[in-house]
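Asker: Here is a sequence together with a model predicted from it:
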Amino acid sequence: MFDVPPRRLLACAAAVVSAVALTACSAGSLGSSEEGGKTAISLLVDNAEATVKTAEQVVKDFTAKNPDITVKVETRPQGTEGDNIVKTRLSTGDMSDVFFYNSGSLFQALKPEQNLVSLDDQSYAGQLDENFKTTVSAGGKLYGSPFGTFMGGAVLYNRKVYERLGLQVPKTWSEFMANNAKIKADGKVAPVIQTYQETWTSQLFILGDFHNISAADPGWADKYTKNQAKYATTPAALEGFQHLQDVHDAGYLNKDFASAKYEDGQRMLALGEGAHYPMLTAAIANIAINNADKVNDIGLFALPGDDAASNGLTVWAPAGAYIPTSTSGAKLDAAKKLLAFIASPDGCTSQAKATPPTGPFAVEGCDLPADVPQSIKDMQPYIDKPGGSSLALEFLSPVKGPSLEQICVEVGSGIRKAPDGAALYDRDVEKQAQQLGLPGW
Amino acid sequence: MTTIEAQRAHHGEGTELPARRKRKRSPYPSWFYLPAALIYGVLFLVPTFASFYFSLTRWTIFDSHFIGFENFVNFFREPALVSGLTHTLVYAVVTSSLKVVLGLLLAVLLTSQIIGRGYLRSVVFFPVLVSTIGVGLTFTVLMNPERGLINESLAAIGVQGPGWLTDPSYALLSVALVDVWKGVGLATLIFIAGIVSIPQEYFEAARVDGASATASFFKIVLPLARPATVTVVILSLIGGLRSFDLIWAMTRGGPGFTSDVIASVIYKQYQAGFYGLSTAGNVILFLVVTAIILPLYWFLSRKEVEL
C-alpha cells in the first residue's frame, strides 16, 4: 500500500480548493459582516422541508431573545451530495458558523477532533441524554447539541382494527404472527403493510429489530464493527431477515406491496386498510398532516422478538448542531449561545411548534406537548424502562452496506431466501468497511 | 498527436521521413493548436488516464490508496454484477433487434404513398424528442399493476395484466419495450433516409420483370439499405449497452436487483461512496462496449464492402 505522489495530491487539492472557493466565498462573506454592533452568524441545514421549517422557527425564537445576533439560514442538499459538501467545506475551513448534521457514524466521519469545537464546558452538557451523547462524542469529548427528537423504528398499528378484533399488543414474534392470522381470517384488512416502490421502507424488519439482537448479545455491535460477527451467522441477527420472508410467505402483505409507496402505506394504516406498518415514527408527522383526524387511531409497539421479557424499542438519535473550528471571536460566542438555546426547554418548545415531535427530546426538562399523537406516547414506556430501548445499529457502528434496501425487497417479495439475503448483505457491508479503512477487514 | 507532428514539421528538425513532413506541413502556426489541445487534454485525455489509475486505488476526495486489482476483484464478486451483465446483454439485444425490425417496417410504410405521410413521420419521431426521465415516469404510472391505465384497459377486456415493473420476470422487458417505443423513431428516420436514397430505377426494373412487393423488399430494399441497417444496429446496440436513465427512472434496478444493468450497478457504487469500485466498473464497461462493438462494426462494414 503506498500513497499518491505529493505533487499529484497538491494538484488535485488545488483544483478542488479553487472550485470550492468559487462557490463558497459568497456565502462566507455574507456571514462575516458585522453591522451596527450586531453579530451575524450563518447556519447550514439540509433542505428537507421539515428541517428548514424547524430551523427557521428556532432562529426566529432565538433572535427574539438575543436581539444583538442575527442568524442566516443556508441550505444544502440531502444525502451523499450533502455529505460531500459538509466534508469539503469543513476541510477547507469554509464552513458556516453553525451546522446541523447527522449524529452517529456519519458524524464520526467528519473527523470531529480536528474540525469541530468541543462543547464539554457548556452548562447544558450534563442535561443531555446519555444515549444521544455517545452519538455526538469522539475521543471522549462532546461536540454536538441535539436538533430534533428521537425517532422510534417500530411496528405502527391501527388501534381500531385491534379493538374490533379484540387483539392484544404482541410481545413475541409468534404472538405477532397469531394476530396476523386472525386479521387475515377476518378478511377485511391486510395484516402487514409493505411499500417496496420506495425501497428504503423495506428495511425496518431488520434495522428496527436491533434491540432484540443487542438484548441477546450486548456486545454485538462492537464485534460487528471488528468483523467478528455477521448477520448470516448470528441467529438473533438472521431473524430479522427471516421475519421479512415469513410475512411474505404467509401471504400477510397488502396486495400491492410491490408497487405501493411510502405515502400509500401511511394512508392504508391511517384509514385502517392495513393493520401493521413497520416504520420510523417520522411517518406519524406526515399522517398528522394528511390524515389529522386519524392520527390517534395509530399506536406503536416495538418489533417483537423471541423473548417477551427482553423485548424493547430501537431508537434513532436526533441530529446534532455543531460548531466548526473555523468559527472564532464574537461569532463563536454567538454560535455557542445558539446551541445552548437549541438544547434548552425553550428550544424544544420552539422545535415542537414548527413540526410535531416524532419521539422524546434528548434534553432533560424538555417534555413532550400534551397533544402529542398516541403512537409517540406509546414510545415513552420503552424509553423509561431501563434496558427497554437501544440505539439503532447505525449509531453504534459505522458499518452499513448500501444495498440493504434492495436485498430486503428481494427477501420480502420472495425473490431470495432469508439466509441467502443475510449472507449477501454481509458481503455488501465488507465494501463499506474497506472504504472506511476499518481495521480487521 | 496532430500537435506533435505539426510542431515537428514547424521546427523542421525531423531528418527522417522528409516526404511526410512536407505533406503534413500545416498552414497554421503550431500555437494555433494549443487551445484545442489544452481543452482536449484537460477534459478528455487526463480524466481518461486518471480513471485508469484511480480504478486501481481506493479513493475519496482527499486521499487514495493503491490497492492493485482489488477493485476489479470486488466488482466481479458484486452479486448484482453477473446478473447485471446478462441483463445488459438481454436489454441491448432486445431493444436493438426490435428497433431494427420495427424501424424498417415503419420506414417502408412511411416511404410508400400514404395519406398524411409527413404528419405520420413526425408522429413516429416525436417520442425521441421527449425527455427520457419524463417518458420513464409516465410509463411507471401507466404500468402500475393496480391503478395503471394499461392494466385497467386489459381488465376491461377481461385480461389480468401482469405487474409490468414489479414482477421480477417482466421488469427488464417492460423497460426494454418502453425504450423501443422511445427510440424506434430514430431508427425509422435512418431507414427512411436509406430507402429514399435507393435509385427508383431498380424498382422500375423489378416491376417490369414482374417482381412482387415482397420480392422487391427482400431483393432491393433490404440489401441496398444495408448501410442504414448497420448504423441502426451499431447505434442502438451501444445505446442499449450503456442504457441507464430509463431503467433508473422506471425501476432503479428493482425489484431487488432484477433489472440492474452494468451502468446502474456502477452508479450505485458511486452513490454509496465506493469511488474506486465505481471507477473500476466504468473501465470494465468501457472494455465490454469496445469488445462488442469493434468486432461487430468491423464485421458489418466488411460485409458492406463485399457487396
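Answerer: Structure's in. What do you need? Numbers count the residues shown, from 1 in each chain, chains lettered A, B, ... in the order given.

Asker: Show me the chain divided up by domain.
Answerer: Defaulting to chain A. A:31-150+A:318-354, A:151-316+A:377-436 (automatic domain parsing).

Asker: Not quite, go with chain B.
Answerer: B:2-54, B:75-306.

Asker: Residue numbers of the stretch 151-300 of chain A in contact with chain B?
Answerer: For the stretch 151-300 of chain A, the contact set with chain B under C-beta under 8 Å from any C-beta of the partner chain comprises A:196-197, A:199, A:255-256, A:258-259. Glycine gets a C-beta too; all of them are placed from N, C-alpha and C.

Asker: Just give me the residue right at the centre of the chain.
Answerer: Went with chain A since none was named. Nearest residue to the geometric centre of chain A (C-alpha atoms, centre = their mean): residue A:316, 4.5 Å.

Asker: Please refer instead to chain B.
Answerer: By C-alpha atoms, centre = their mean, chain B has its centre lying nearest to residue B:239, at 1.4 Å.

Asker: Please tell me I have it right and it contacts residue B:95.
Answerer: Yes: when contacts are counted by C-beta atoms under 8 Å, residue B:239 is listed as touching residue B:95 (7.4 Å).

Asker: tell me, what's touching these two both at once?
Answerer: The contact sets of residue B:239 and residue B:95 overlap at residue B:183 (C-beta atoms under 8 Å, 6 or more residues apart in numbering or on different chains).

Asker: roughly how far apart are residue A:280 and residue A:353?
Answerer: With distances taken as C-beta to C-beta, to the nearest Å, residue A:280 is found 22 Å from residue A:353.

Asker: what about those two, which has more around it?
Answerer: Shown here are residue A:280 and residue A:353; by other C-beta atoms under 10 Å in any protein chain shown, residue A:280 has more neighbours (24 against 15).

Asker: now the strands: where do they sit in chain B?
Answerer: In chain B, the segments counted as strands under DSSP state E are B:57-59, B:64-66.

Asker: Likewise for chain A?
Answerer: Assigned by DSSP E, chain A shows strands spanning A:39-46, A:69-76, A:98-101, A:137-138, A:141-142, A:145-147, A:151-158, A:190-192, A:274-280, A:298-301, A:313-316, A:319-322, A:389-391.

Asker: Format these as CSV; extra columns: distance to residue A:238 and mean pLDDT.
Answerer: Converted to CSV, those look like this (distance: least, C-beta to C-beta, whole Å; pLDDT from 0 to 100):
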stretch, distance to residue A:238, mean pLDDT
strand A:39-46, 34, 94
strand A:69-76, 38, 94
strand A:98-101, 33, 95
strand A:137-138, 31, 90
strand A:141-142, 36, 93
strand A:145-147, 33, 93
strand A:151-158, 18, 94
strand A:190-192, 19, 96
strand A:274-280, 17, 95
strand A:298-301, 22, 94
strand A:313-316, 17, 93
strand A:319-322, 31, 94
strand A:389-391, 18, 90
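
Asker: Quick one: those strands as TSV, columns for distance to residue A:407 too.
Answerer: Listed next are those as TSV, based on distance: least, C-beta to C-beta, whole Å:
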stretch	distance to residue A:407
strand A:39-46	27
strand A:69-76	30
strand A:98-101	27
strand A:137-138	31
strand A:141-142	36
strand A:145-147	31
strand A:151-158	17
strand A:190-192	18
strand A:274-280	16
strand A:298-301	25
strand A:313-316	19
strand A:319-322	27
strand A:389-391	22
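
Asker: Got the phi and psi for whichever residue of the stretch 101-250 of chain B sits closest to chain A?
Answerer: Chain A sits closest to residue B:166 of the stretch 101-250 of chain B, with a gap of 3.4 Å, by C-beta to the nearest C-beta. Backbone dihedrals for residue B:166, given as degrees, to the nearest 10, come out at phi -110, psi -10.

Asker: Name the residues that touch stretch B:150-164?
Answerer: Residues from elsewhere that reach stretch B:150-164 (C-beta under 8 Å, 6+ apart): A:258-259, B:142-145, B:148, B:170-171, B:174.

Asker: what do you get if the cut-off is 6 Å, keeping everything else the same?
Answerer: If you take C-beta atoms under 6 Å, 6 or more residues apart in numbering or on different chains as the criterion, stretch B:150-164 is touched by A:258, B:142-143, B:145, B:170, B:174.

Asker: Buried ones in it, by neighbour count?
Answerer: Buried residues in stretch B:150-164, counted by 16 or more other C-beta atoms under 10 Å in any protein chain shown: B:150-151, B:162-164.

Asker: coming back round to it: apart from its neighbours in sequence, what residue is nearest the residue nearest to the centre of chain B?
Answerer: In this structure, residue B:239 finds its nearest non-sequential neighbour in residue B:183, 6.9 Å apart by C-beta to C-beta, 6 or more residues apart in numbering or on different chains.

Asker: What is the neighbour count of that neighbour?
Answerer: For residue B:183, the tally of surrounding residues (other C-beta under 10 Å) stands at 26.

Asker: Please apply the same query to the one 10 residues further on.
Answerer: One way to gauge burial is a neighbour count; for residue B:193, by other C-beta under 10 Å, it gives 15.

Asker: who's in contact with the nearest residue to it once chain neighbours are set aside?
Answerer: Using C-beta to C-beta, 6+ apart and skipping the chain neighbours, the partner closest in space to residue B:193 is residue B:228 (6.6 Å). The contact partners of residue B:228, taken as C-beta under 6 Å, 6+ apart, are B:190-191, B:194.

Asker: Out of those, grab the one that's most surrounded.
Answerer: In terms of neighbour count, residue B:191 stands highest of the contacts of residue B:228 at 28 neighbours, by other C-beta under 10 Å.

Asker: can you pull out the helices in the stretch 301-441 of chain A?
Answerer: Assigned by DSSP state H, counting those that start in this stretch, the stretch 301-441 of chain A shows helices spanning A:329-342, A:345-354, A:374-377, A:380-384, A:393-396, A:404-412, A:418-436.

Asker: oh sorry, the question was meant for the stretch 151-300 of chain B
Answerer: In chain order, the stretch 151-300 of chain B shows helices spanning B:171-196, B:200-208, B:213-216, B:222-224, B:226-241, B:245-250, B:262-271, B:275-306, with DSSP H, counting those that start in this stretch as the criterion.

Asker: now the shortest one: mean pLDDT?
Answerer: Confidence over helix B:222-224, taken as the mean pLDDT, stands at 91.

Asker: got the buried residues for it?
Answerer: Neighbour counts over helix B:222-224 (16+ other C-beta under 10 Å) mark residue B:224 as buried.

Asker: Let me see the mean pLDDT of stretch B:204-215.
Answerer: 90.

Asker: tell me the pLDDT at the spatially closest residue to residue B:70 that is not a sequence neighbour?
Answerer: Spatial nearest neighbour of residue B:70, excluding adjacent residues (C-beta to C-beta, 6+ apart): residue B:58 at 7.7 Å. Predicted confidence (pLDDT) at residue B:58: the value is 82.

Asker: what residues are up against residue B:58?
Answerer: Contacts of residue B:58 by C-beta under 6 Å, 6+ apart are B:65, B:67, B:276.

Asker: Who wins on neighbours among the residues you listed?
Answerer: residue B:276 (26 neighbours).

Asker: what's the spacing between the closest residue to residue B:253 other than its chain neighbours and residue A:432?
Answerer: Leaving aside its sequence neighbours, residue B:253 sits nearest to residue B:260 (C-beta to C-beta, 6+ apart; 3.8 Å). Distance of residue B:260 to residue A:432, computed by C-beta to C-beta: 19 Å.

Asker: okay, these two: which has more neighbours?
Answerer: It is residue B:260, of residue B:260 and residue A:432, that has more neighbours when counted by other C-beta under 10 Å, with 27 against 20.
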